[in-house]
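**Q** generate a structure from the sequence data that follows.
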Amino acid sequence: MPPTTPSTAELTRRLRTVLFVPGDRPDRIPKAAASGSTAIAIDLEDAVAESRKEEARQHTVDAITALPTDGPLVAVRVNAPDTGLADGDVAALADVLHRVDAVIVPMSSAPEQVRHVSGLLADAEERAGVAPGRVRLIPLVETARGILDAREVAAADPRVLTMSFGPADLSHELGVVPTAEGGELAVARSLLVLAAAAANLPRPIDGPHLDLDDEAGLRVSARRARALGFAGKQVIHPRQIPVVADVFAPTADEVAWARRVDEAFGAAERTGVSSIRLEDGTFVDYPIAARARAILAEAR
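**A** Next comes the predicted model:
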């Protein structure tokens with residue numbers, strides 16, 4: 001039986017932690033898949049030297065073939081479309097597209113870049129006999145132009161699953177130093193969250209905290225990202241996974257509140273009432289009830 005196409009909700013629930021691993025290090029890919037991260041991103045771009053691009057493609061295909069089918073979400077970050085390397089990256093993945101959930105498109109600054117990779121995937125899926133549209137796209141927005149045009153990028157193609165934020169390239173372009181508190185990039189992050197919402201996409205994924213020895217800073221960075229509306233965060237080492245997973249998981253208090261809201265609002269709905277006031281004075285209507293139900297879905 002051919003593999004089913006995962007739903008958008010199923011995929012996005014598995015993007016809470018996205019562990020990046022170099023495509024030219026086949027020894028690390030199965031370790032990444034067994035790390036406990038909800039998703040892995042095999043990197044054919046920045047983590048791979050120019051002289052090892054072809055080698056990385058083959059290692060990536062071999063590693064994906066050997067991964068267990070019940071593991072984390074599998075994404076591949078291809079090279080930016082403007083480099084001319086993305087075509088070869090996608091072509092190399094043809095035999096394992098049935099095992100790839102998403103392709104990350106770096107330096108996504110314009111909708112035509114996203115559509116270009118979508119077209120490459122359509123051709124590869126047809127050749128491989130994979131269901132059309134199975135492989136989703138995650139534009140990685142990491143330029144000033146991309147942030148300012150993020151709404152168009154988000155709505156560029158039906159394959160777009162959600163967006164992701166790239167702080168390293170953007171901070172270099174802006175001439176700022178990224179910090180755990182993130183004030184220097186707060187506007188850019190907020191614009192990306194708004195763009196995803198305007199395009200009716202799930203909440204986006206934040207970029208990584210680049211200091212591996214700064215666990216306290218990682219926690220601050222993750223908390224700030226969650227408060228801004230991100231659903232998860234990229235990680236660059238397995239030891240970052242527990243902190244990020246903990247921050248983005250609903251707390252016990254949040255789950256308890258959501259259950260109270262859902263139960264009370266559900267009972268009210270059954271009597272034809274769509275706005276209620278809880279015992280603690282909280283006013284609940286459809287938007288608040290939807291938020292409560294989203295928390296319960298995240299906690300499953």
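**Q** what ranges does the stretch 101-250 of the chain have for its helices?
**A** 111-128, 144-148, 150-154, 167-174, 186-198, 215-228, 241-248 (DSSP state H, counting those that start in this stretch).
**Q** Leu278 is nearest to which of those?
**A** Judged by Cβ to Cβ, the one of the helices of the stretch 101-250 of the chain that comes nearest to Leu278 is helix 215-228, at 23.5 Å. Every residue, glycine included, has its C-beta placed from N, CA and C.
**Q** what helices or strands is the closest one leaning on?
**A** When contacts are defined as 3 or more Cβ pairs under 8 Å, 6 or more residues apart in numbering; DSSP states H and E, helix 215-228 sits against helix 186-198, strand 205-206, strand 232-235, helix 241-248.
**Q** now the third one: average pLDDT?
**A** Put plainly, it is strand 232-235. On average, the pLDDT along strand 232-235 is 98.
**Q** repeat for the last one
**A** For helix 241-248, the mean per-residue pLDDT is 97.
**Q** over to the first one?
**A** Average pLDDT, helix 186-198: 98.
**Q** what lies in contact with it?
**A** Residues from elsewhere that reach helix 186-198 (Cβ atoms under 8 Å, 6 or more residues apart in numbering): 141, 147-148, 150-151, 153-155, 162-163, 165, 170, 182, 202-204, 206, 224-225, 228-230.
**Q** got the CA positions of it in CSV?
**A** In CSV, the C-alpha atoms belonging to helix 186-198 read as follows (Å, rounded to 0.1, in the frame of the first residue of the first chain):
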residue,chain,number,x,y,z
ALA,A,186,11.3,41.4,17.2
VAL,A,187,9.6,43.4,14.4
ALA,A,188,10.8,41.0,11.7
ARG,A,189,9.6,38.0,13.7
SER,A,190,6.2,39.6,14.2
LEU,A,191,5.9,40.4,10.6
LEU,A,192,6.5,36.8,9.7
VAL,A,193,3.9,35.6,12.2
LEU,A,194,1.4,38.0,10.8
ALA,A,195,2.2,37.0,7.2
ALA,A,196,1.6,33.3,8.1
ALA,A,197,-1.7,34.1,9.7
ALA,A,198,-2.8,36.3,6.8
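**Q** ok, residues contacting stretch 51-70?
**A** Taking Cβ under 8 Å, 6+ apart as the rule, stretch 51-70 contacts 3, 22-26, 29-30, 33, 42, 44, 48, 74, 76, 79, 85, 88-89, 92-93, 95-96, 99-100.
**Q** are any of those buried, and if so which?
**A** 22-26, 29-30, 33, 42, 44, 48, 74, 76, 79, 85, 88-89, 92-93, 96, 99-100 (16 or more other Cβ atoms under 10 Å).
**Q** restricted to strands, list the residues you listed.
**A** Secondary structure from DSSP state E places Pro22, Ile42, Val74, Val76 of these in strands.
**Q** number of nearby residues for the nearest residue to the first one once chain neighbours are set aside?
**A** The shortest distance from Pro22 to any residue that is not its chain neighbour, by Cβ to Cβ, 6 or more residues apart in numbering, is 3.9 Å, and that residue is Ala47. Counted by other Cβ atoms under 10 Å, the residues lying close to Ala47 total 18.
**Q** what are the phi and psi angles of Ala47?
**A** Main-chain torsions, Ala47, degrees, to the nearest 10: phi -80, psi 0.
**Q** would you reformat the helices of the stretch 101-250 of the chain as JSON lines and include mean neighbour count?
**A** Putting those into JSON lines (neighbours: other Cβ atoms under 10 Å) gives the following:
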{"stretch": "helix 111-128", "mean neighbour count": "18"}
{"stretch": "helix 144-148", "mean neighbour count": "19"}
{"stretch": "helix 150-154", "mean neighbour count": "23"}
{"stretch": "helix 167-174", "mean neighbour count": "17"}
{"stretch": "helix 186-198", "mean neighbour count": "19"}
{"stretch": "helix 215-228", "mean neighbour count": "18"}
{"stretch": "helix 241-248", "mean neighbour count": "19"}
